[in-house]
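> I would like to see how this sequence folds:
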Amino acid sequence: MLRRILVANRGEIALRIIRACRELNIETIAVYSEADRDSLHTKWADTAVCIGPAASRKSYLNAQNILAAAITHGADAIHPGYGYLSEIPLFAEICEAHNLIFIGPSADHIELLGDKSRAKATMKAAGVPVVPGSEGAISDETELVRIAEEIGYPVMIKASSGGGGKGMRLALDRGGLIKGYNTARSEAAAAFGDDTVYLEKFIEAPRHIEIQLFGDNFGNIVHFGERECSLQRRHQKLIEESPSPVVDEALRAEMGRVAVVGAEAVNYRNAGTMEFLLDETGNYYFMEMNTRIQVEHPVTEMVYGIDLIKEQIRVASGEHLGYDQTDISPMGHAIECRINAEAVQVNSRPSPGLIRQLFVPGGCGIRWDSHVHQGYTIPPFYDSMFAKLIAWGADRDEALERMTRALDELIVEGIETSIPFHRRMLRDPHFREGQFSTNFLERWLAETELSNKE
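Numbers count the residues shown, from 1 in each chain. The predicted structure follows:
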């Protein structure tokens, strides 16, 4: 087992990793920017090191400073969490070059699967269903138009190195296609340093279903069922749950098997998530694979009774999984609400600031993952999510009732938050009946705003 791990991240995921390490009797090194000095993850780690000013590029994306902290303080591994350096293949390579274990997949896996057009081609070759579209990156406008007319409009232009909705444009016709192509390339270049894009058939009103995968260094790969991630705004998830209300046992087994086949095709190791679009007829299509732990991993942990962070550390230490697919079965239902420093409205923006009062709910089946405390000031430099509230129940109805009760108990004063939105959504009849898709929330917000003006 590893002896000392540097956690190369911030916020709730950093604290989450530190807690898992403490239970494994592994020492931890927290890194923090000048803006995060009072974050709880700096208090609970055995050692805390400031790695730079508030700007991410000078701190959490500063690989040199992070490596220096790891080497100076005797770390034998680095856990990157999600975001930041977690999906940078060069960082994984540099860790290995300095005899530091990178807790995640190999640099080759990160590079291959991080390129969405290459990942799609790889999965297609492995027999995983993919959305009709280009075989790889689009070379020029002539190829763009030809493929769009072959598969038919509407089509979606996507950045090869994209994420979070950046470098994505929907095209309904040829005019929109050319404009969207140029815009997506410019946006992708600015966001990812890579202007290549690929083309896919646009699937209308799909569900966003993802499969949690896990592999060890000995070729053993399993899945931990699916997560429902369709409730999104601007391609950012706000509520996730496991299992999905529209995935039955047969479809779960089929999608899980296919996801494992895809992971086996590249000999994947450690935690990974294969994301699919599920249409209204039950057909599903590979969308992308995330080579890291996901924000929404707690719902899987609650339903499958497993600590995914501990599993990451065990596998990185060279241990076998110690179980196979027949040992894995779900129990109950879990829902996660991402608590953001933002009132979720059509044109709302983040609302950082001082948390004057904080009361966290409890009770059976309730989990709170957060790095904030009363008197903490949420800085304006990072993502607006500052907590995750998770509820587990014996079935979806009980999970919904527990989450509703927990949201009613939760008090955060001093900043605008997504809590009022979550309270309304948990009581919405369409959501409670599981009748929603990836375009549901945008429409719901627009209709809610319109009704409030009337």
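> Below-threshold pLDDT in this protein: ranges please.
In the predicted model of the chain, residues 164, 450-454 satisfy pLDDT under 70.
> what residue lies at the spatial centre of it?
Gln294 (3.7 Å; Cα atoms, centre = their mean).
> Show me what whichever strand in the chain runs longest pairs with in its sheet, parallel or antiparallel.
Ranked by number of residues, the top strand in the chain under DSSP state E is strand 221-233. Strand pairing for strand 221-233, using DSSP bridges, gives strand 207-215 (antiparallel), strand 236-242 (antiparallel).
> from the middle of its chain, how far away would the helix ranked longest in the chain be?
The longest helix of the chain (DSSP state H) is helix 174-192. In terms of Cα atoms, centre = their mean, to the nearest Å, the centre of helix 174-192 is found 24 Å from the chain centre.
> Which SSE is immediately downstream of it?
Once helix 174-192 ends, the next helix or strand along the chain (criterion: DSSP states H and E) is strand 197-201.
> Give me the helices and strands touching that next one, please.
helix 116-125, helix 141-151, strand 155-159, helix 174-192 (3 or more Cβ pairs under 8 Å, 6 or more residues apart in numbering; DSSP states H and E). For every residue, glycine as well, the C-beta is placed using N, CA and C.
> Quick check: Ala387 touching Glu336?
No - assessed by Cβ atoms under 8 Å, Ala387 is found out of contact with Glu336, at 10.5 Å.
> Can you tell me who Ile390 pairs with across the strands?
Glu336, Arg367.
> wait, it sits on Met302?
Yes - the pair Ile390 / Met302 is scored as a contact, 6.2 Å apart, by Cβ under 8 Å.
> hey, what's in contact with both of the two?
Common neighbours of Ile390 and Met302 (criterion: Cβ atoms under 8 Å, 6 or more residues apart in numbering): Ala334, Arg367.
> Can you tell me how far Val31 is from Asp383?
17 Å (Cβ to Cβ, to the nearest Å).
> State the number of residues packed around Asn290.
20 (other Cβ atoms under 10 Å).
> just checking, Trp368 touches Ala387?
Yes - in this structure, Trp368 is within contact of Ala387 by Cβ under 8 Å, at 6.6 Å.
> Residues touching the helix or strand hosting Ile78, excluding its own?
Assessed by DSSP H and E, Ile78 sits inside strand 77-79. Strand 77-79 is contacted from outside by 2, 4-9, 17, 66, 70, 95, 100-104, 309, 312-313, 316, using Cβ under 8 Å, 6+ apart.
> and that strand, which strands flank it?
With DSSP bridges as the test, strand 77-79 pairs up with strand 4-7 (parallel), strand 101-102 (parallel).
> any idea which helix or strand comes after the last one?
Past strand 101-102, heading to the C-terminal end, the next element that is a helix or strand (DSSP H and E) is helix 107-114.
> What residue spans form the domains of the chain?
Here the domain parsing of the chain from automatic domain parsing is 4-103, 132-201, 207-453.
> want to try JSON lines for those, with distance to Ala119 as columns?
Shown next, in JSON lines, are those (distance: least, Cβ to Cβ, whole Å):
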{"stretch": "domain 4-103", "distance to Ala119": "12"}
{"stretch": "domain 132-201", "distance to Ala119": "9"}
{"stretch": "domain 207-453", "distance to Ala119": "6"}
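> isn't Trp392 right next to Gly305, touching?
No - here Trp392 lies out of contact with Gly305, judged by Cβ under 8 Å, at a distance of 10.2 Å.
> So which of these two has more stuff around it?
Neighbour tally, Trp392 and Gly305, criterion other Cβ under 10 Å: the higher count belongs to Trp392, 23 against 13.
> in which helix or strand would I find the more buried one?
strand 385-393.
> re the thing from before, name the residue in Trp368 and Ala387 with the higher neighbour count.
Each of Trp368 and Ala387 has its neighbours counted (other Cβ under 10 Å); Ala387 has more, 23 against 15.
> So which bits of stretch 432-440 are buried?
Residues of stretch 432-440 classed as buried under the neighbour-count rule (16 or more other Cβ atoms under 10 Å) are Phe436, Ser437, Thr438, Phe440.
> Please apply the same query to stretch 420-435.
Buried, per 16+ other Cβ under 10 Å, within stretch 420-435: Phe421, His422, Met425, Leu426, Phe431.
> what's the spacing between it and its chain's center?
That offset, for stretch 420-435, works out to 22 Å (Cα atoms, centre = their mean).
> Could you do stretch 228-239 as well?
10 Å.
> For Trp444, what are phi and psi?
Backbone geometry at Trp444, expressed as degrees, to the nearest 10, gives phi -60, psi -40.
> so what's it up against?
By Cβ under 8 Å, 6+ apart, the neighbours of Trp444 are Met425, Asp428, His430.
> contacting residues around the closest residue to the last one other than its chain neighbours?
I take that to be His430. Of all residues not flanking His430 in the chain, Phe436 sits nearest, at 5.9 Å (Cβ to Cβ, 6 or more residues apart in numbering). By Cβ under 8 Å, 6+ apart, the contact set of Phe436 is Ser230, Leu231, His430.
> do the same with Lys179
Arg169, Ala171.
> Columns mean neighbour count and distance to Ile221 on top of the strands paired with strand 221-233, output as CSV?
Below are the strands paired with strand 221-233 laid out as CSV (neighbours: other Cβ atoms under 10 Å; distance: least, Cβ to Cβ, whole Å):
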stretch, mean neighbour count, distance to Ile221
strand 207-215, 25, 4
strand 236-242, 24, 19
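> Distance to Ile157 for those strands - can I get that in a markdown table?
Below are these laid out as a markdown table (distance: least, Cβ to Cβ, whole Å):
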| stretch | distance to Ile157 |
| --- | --- |
| strand 207-215 | 18 |
| strand 236-242 | 19 |
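> So for Met255, which of these sits nearest?
strand 207-215 (5.9 Å; Cβ to Cβ).
> burial count for the nearest residue to Ser33 once chain neighbours are set aside?
The shortest distance from Ser33 to any non-neighbouring residue, by Cβ to Cβ, 6+ apart, is to Ser59 (3.7 Å). Counted with other Cβ under 10 Å, the neighbours of Ser59 add up to 23.
> Let's see which of the contacts of Trp444 end up in helices.
Met425, His430.
> Export stretch 170-179 to CSV, keeping only CA atoms.
Extracted in CSV, the C-alpha atoms of stretch 170-179 (Å, rounded to 0.1, in the frame of the first residue of the first chain):
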residue,chain,number,x,y,z
LEU,A,170,-25.6,22.4,-33.4
ALA,A,171,-26.2,22.9,-37.1
LEU,A,172,-29.7,22.6,-38.7
ASP,A,173,-28.6,23.4,-42.3
ARG,A,174,-25.6,24.1,-44.5
GLY,A,175,-25.4,27.7,-43.6
GLY,A,176,-25.4,26.9,-39.9
LEU,A,177,-22.9,24.2,-40.5
ILE,A,178,-20.2,26.4,-41.9
LYS,A,179,-20.7,29.1,-39.3
